[in-house]
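>>> Just the structure for this:
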Amino acid sequence: MRLIGTYFSRKVYWFDYDQFNLDQLPKDNWLCFATSDIKPDTNTFKQFVKYGIQKHILEFKGHGKYGEVLHDLFDQVMIDIELSKNLNYIDIATTCHNDESYADAFWQCFFATTLPIRANLDDISIVCMDLNGKDRSVELKGIIDRFERGWIPEE
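Predicted structure coming up:
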């Protein structure tokens, strides 16, 4: 995982999903922005979700053609954990953004989040990844530059 930049006091990291080194992920207070235009390997993605829940992920945003599938799989794993461990509720918001541009959905990581009360608003990390294996870190740096120049989504 490598630092891409910082915007609105949030550090943005690129996670190479193909390498799948889960130990690189933050240990607390983070959200994930994941995109996929290919059907994800369910077992691998579920492993990522379980690890994310253990490491206190705050929110998950699925994007791309399979954004809703990612969102649904994340929710399914949360429900499975709640039932198997007899938990009342795992407080992690999940959303999908199939029909939005990459920049629009990424903007929501800063300005349209649903964070639980446990979130440390002064120290949130955003972990970005592409399940297609494409490194989008340069594109994300460019989007952050646009944000800094005042760009916001049209709708």
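>>> So what touches the helix or strand where Tyr13 lies?
Following DSSP states H and E, one finds Tyr13 within strand 10-14. Contacts with strand 10-14, where a contact means CB atoms under 8 Å, 6 or more residues apart in numbering, come from 1-6, 26, 109-110, 124-129, 135-137, 140, 144. No exception for glycine: its C-beta is placed from N, CA and C like everyone else's.
>>> Show only the entries of these found in helices.
Counting by DSSP state H, the contacts of strand 10-14 place Cys109, Phe110, Ser137, Leu140, Ile144 in helices.
>>> Of those residues, which count as buried by neighbour count?
In these, burial by neighbour count holds for Cys109, Phe110, Ser137, Leu140, Ile144, counting by 16 or more other CB atoms under 10 Å.
>>> Surely the fourth one touches Phe106?
Yes: using CB atoms under 8 Å as the test, Leu140 is close enough to Phe106 to be in contact (6.8 Å).
>>> before we move on, back to that, and the buried ones among the contacts of strand 10-14, selectable in PyMOL?
The buried subset of the contacts of strand 10-14, as determined by 16+ other CB under 10 Å, is captured in PyMOL by this line:
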select buried, resi 1+4+5+26+109+110+124+125+126+127+128+129+136+137+140+144
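>>> Check the gap between the residue nearest to the spatial centre of the chain and Leu25 for me.
What sits nearest the mean C-alpha location of the chain, by CA atoms, centre = their mean, is Cys32, with 1.5 Å. Using CB to CB, to the nearest Å, Cys32 is found at 9 Å from Leu25.
>>> Mutual contacts of those two, please.
Here Cys32 and Leu25 have Gly52, Val127 as joint contacts, going by CB under 8 Å, 6+ apart.
>>> one step back: using CSV, list the CA coordinates for the strand holding Tyr13.
Output of strand 10-14 as CSV, limited to C-alpha atoms (Å, rounded to 0.1, in the frame of the first residue of the first chain):
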residue,chain,number,x,y,z
ARG,A,10,-7.7,12.6,4.8
LYS,A,11,-4.7,10.5,3.6
VAL,A,12,-5.4,8.6,0.4
TYR,A,13,-3.6,5.2,-0.2
TRP,A,14,-3.5,2.8,-3.1
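>>> Thank you, goodbye.
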